[in-house]
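# just to be clear, the model below is a prediction. Sequence and coordinates:
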Amino acid sequence: MSLRVAGRWAGAFFLSAFVAYGVGSALAGRPAGVALVLANSVLVAAIGALVFRALRRPHPGVAWGYLVARGAEAFLLAAGPVLRARYGDGAADLAYQLAMLSLGLGSLPLCLALARRCWLPRWFAGWGAAGYALLAAGAAAELSGVGIGVAPAVPGGLFEIAFGVLLLVRGFAPATAATAAGGAGPDGSRAHRAALAAGAGLLLMAVLAGWANFGVVQPLLAGDAAATVARLPAQRPALTLAVVALFAVACLDVLVGWALRAFLDHAQPTVALLAAWCRTGYAVVLAGAVAHLTGVAGLLRDGAGADRLRADGYPGLTDFQQVWSLGLLLFGVHLLLVGWLAWRSDTVPTRVAALVAVAGAGYLADSAGPLVAADYPVQVAGVTFVGEVVLLGWLLVHAARHRRTPAHPVAPDADVRPLAAT
């Protein structure tokens, strides 16, 4: 499929998704409305895949960020009807605002990249960047409890309609020779970028997941159901922020998994691909677990009483923990595979590879143990996780020591002209 054809499909999907979600939202609660919302999620994910295909060589970071952001948006919008049915309108609204935050933040770099490569006129890309920035700011305000309505979403929504029409007419336009810098580059540059992305992602995940889980969720579960229900109302702002942080962690898990694949695929490409998919699967399970937290935060947003919190709020917290624990089976397999790849690599020290493999074995033991014995008493991951920290530090140091080499220019495609030429 050529860039022109892929772009036209993307334009059709932009417009179709706009209609599907608008009509589906108007029919909320009806089977037809749910079907349209689910169709919108499929279209949104397809848009991310098409843009990823167009930008993965000239701007791999932007392409991956947009793909993951669109995937997160699709998941959250599809989860909305399910959350509404179990937890109420507040949970569905939180999922929607999270989806808009993901869309806004993921689309900002896209607009800048399209302007840089002259695929869009600068004024048009600036409109998109400003619209998505307003969308993200409005969603962040709503998540913080400040109601500002739909006004911040209007510029971004109008841009998506105009962008969809433009793509439908012209398709994606490859860069000209004058603007084609920034290609994939040689292997050394690719490895440097992958190590830096993986290390930075792991560091950010450690901060976000550590605060959200150990600073917010675990203290809520420290007592019995009655004690948890009594503490929940006071934790509404913190729990909402924890939901945002853990969804960000799920997105970062995908990015880190594929960055590690790019860094280690020289050792064994098939195993590196399997490791990346294992971490992606774990990220999906984690997102499903966090959906339960979103439901609990939605109950607090709706002002649910003690009886409702006892019936649905406390089970939502325990469901989060149980689903996440099951997902750690995939995470443990991922780390074992990464450890094996690192051991085969001539770049990663053997001691780092061994510690990563031990960390993976620890997660596997802690996740599988309760499935074998209900009173499984040992938690070894609290010690073996050191391997993750060592890998994080080594990746950042390795990236700092190896400067990026200049990228080769991308050959122009004479098939189409840049959009800016119109």
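Structure's in. What do you need?
# doesn't Ala39 make contact with Ala74?
No: contact criterion CB atoms under 8 Å: Ala74 and Ala39 do not qualify, at 10.7 Å. All C-beta atoms are positioned from the backbone trio N, CA, C, and that covers glycine.
# show me the domain layout of the chain.
Structural domains assigned to the chain are 3-184, 187-401, following automatic domain parsing.
# I'd like the ones you listed as CSV, with mean pLDDT appended.
Shown next, in CSV, are these (pLDDT from 0 to 100):
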stretch, mean pLDDT
domain 3-184, 88
domain 187-401, 90
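# okay, these in a markdown table with mean neighbour count next?
Converted to a markdown table, the domains of the chain look like this (neighbours: other CB atoms under 10 Å):
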| stretch | mean neighbour count |
| --- | --- |
| domain 3-184 | 20 |
| domain 187-401 | 19 |
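# element containing the spatially closest residue to Gly147 that is not a sequence neighbour, please.
Leaving aside its sequence neighbours, Gly147 sits nearest to Ala141 (CB to CB, 6 or more residues apart in numbering; 8.0 Å). Assigned by DSSP states H and E, Ala141 belongs to helix 122-143.
# list of residues touching that helix?
The contact list for helix 122-143 (CB atoms under 8 Å, 6 or more residues apart in numbering) reads 93-94, 97-98, 100-101, 103-105, 107-108, 110-112, 114-115, 120, 147-148, 151-153, 155-159, 162-163, 166, 240-241, 244, 419-420.
# now, those residues that are in strands?
Counting by DSSP state E, no part of the contacts of helix 122-143 is found in strands.
# from those, which land in helices?
Judged by DSSP state H, helices contain the following of the contacts of helix 122-143: 93-94, 97-98, 100-101, 103-105, 107-108, 110-112, 114-115, 155-159, 162-163, 166, 240-241, 244.
# need the phi and psi values for Ala200.
When read as degrees, to the nearest 10, the backbone of Ala200 gives phi -60, psi -40.
# make that Arg56, sorry
Phi and psi for Arg56, reported as degrees, to the nearest 10, are phi -60, psi -30.
# so what's it up against?
Neighbours of Arg56 in contact, by CB under 8 Å, 6+ apart: Ala63, Trp64.
# how far away is it from Ala46?
Here Arg56 is placed at a distance of 16 Å from Ala46 (CB to CB, to the nearest Å).
# can you check Ala12 too?
Counting by CB to CB, the gap from Ala12 to Ala46 is 10 Å.
# what's the answer for Gln97, then?
Counting by CB to CB, the gap from Gln97 to Ala46 is 23 Å.
# the residue lying closest to Gly298 once chain neighbours are set aside sits in which helix or strand?
Spatial nearest neighbour of Gly298, excluding adjacent residues (CB to CB, 6+ apart): Ala91 at 2.6 Å. Using DSSP H and E, Ala91 maps to helix 89-116.
# what's that helix packed up against?
Contacts defined by 3 or more CB pairs under 8 Å, 6 or more residues apart in numbering; DSSP states H and E place helix 89-116 against helix 31-55, helix 60-86, helix 122-143, helix 236-264, helix 269-301.
# at 10 Å instead, please
In this structure, helix 89-116 packs against helix 3-26, helix 31-55, helix 60-86, helix 122-143, helix 154-170, helix 236-264, helix 269-301, with contacts taken as 3 or more CB pairs under 10 Å, 6 or more residues apart in numbering; DSSP states H and E.
# turn these into TSV, columns for distance to Gly382.
Listed next are the helices and strands packed on helix 89-116 as TSV, based on distance: least, CB to CB, whole Å:
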stretch	distance to Gly382
helix 3-26	43
helix 31-55	36
helix 60-86	29
helix 122-143	31
helix 154-170	43
helix 236-264	18
helix 269-301	19
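# which stretch among these comes nearest Ala353?
helix 236-264 (10.1 Å; CB to CB).
# give me the distance between the spatially most central residue of the chain and Leu101.
With distances taken as CA atoms, centre = their mean, the residue of the chain nearest its centroid is Cys251 (2.3 Å). To Leu101, Cys251 is 11 Å away according to CB to CB.
# give me the common contacts of the two.
Common contacts of Cys251 and Leu101, defined by CB atoms under 10 Å, 6 or more residues apart in numbering, comprise Ala69, Ala72.
# who are the contact partners of Met100?
Contact analysis of Met100 by CB under 10 Å, 6+ apart lists 73, 76-77, 132, 135-136, 138-140, 142-143, 152-153, 156.
# switch to 6 Å and redo it
Leu135, Ala139 (CB atoms under 6 Å, 6 or more residues apart in numbering).
# next one: Tyr314
Neighbouring residues of Tyr314 by CB under 6 Å, 6+ apart: Ala225, Thr228.
# now with 8 Å, please.
Going by CB under 8 Å, 6+ apart, Tyr314 touches Ala225, Thr228, Val229.
# next, format those as JSON lines and append distance to Arg86.
Formatted as JSON lines, those follow (distance: CB to CB, whole Å):
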{"residue": "Ala225", "distance to Arg86": "18"}
{"residue": "Thr228", "distance to Arg86": "18"}
{"residue": "Val229", "distance to Arg86": "17"}
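# surely His266 touches Arg344?
No: using CB under 8 Å, His266 is not in contact with Arg344; the gap is 9.1 Å.
# so which helix or strand takes in the closest residue to Cys278 other than its chain neighbours?
Leaving aside its chain neighbours, Cys278 sits nearest to His334 (4.1 Å; criterion: CB to CB, 6+ apart). Element membership for His334, per DSSP H and E: helix 314-344.
# skip ahead from that helix and say which helix or strand is next.
Using DSSP H and E, the helix or strand that follows helix 314-344 in sequence is helix 350-372.
# that following helix vs helix 269-301, what angle?
Interaxial angle, helix 350-372 versus helix 269-301 (axes from the mean of the first three to the mean of the last three CA atoms, to 10 degrees): 50 degrees.
# next one: helix 350-372 to chain centre, how far?
Put simply, helix 350-372 sits 25 Å off its chain's centre (CA atoms, centre = their mean, to the nearest Å).
# contacting residues around it?
For helix 350-372, contacts defined as CB under 8 Å, 6+ apart pick out 325-326, 328-329, 331-340, 342-343, 345, 376, 378-381, 383-388, 390-391, 394.
# and stretch 244-258, by the same measure?
Looking at what lies outside stretch 244-258 - CB under 8 Å, 6+ apart - the contacts are 64-65, 68-69, 71-72, 76, 98, 101-102, 143, 197-198, 201-202, 204-205, 208-209, 211-213, 275-280, 282-284, 286-287, 290, 293, 334.
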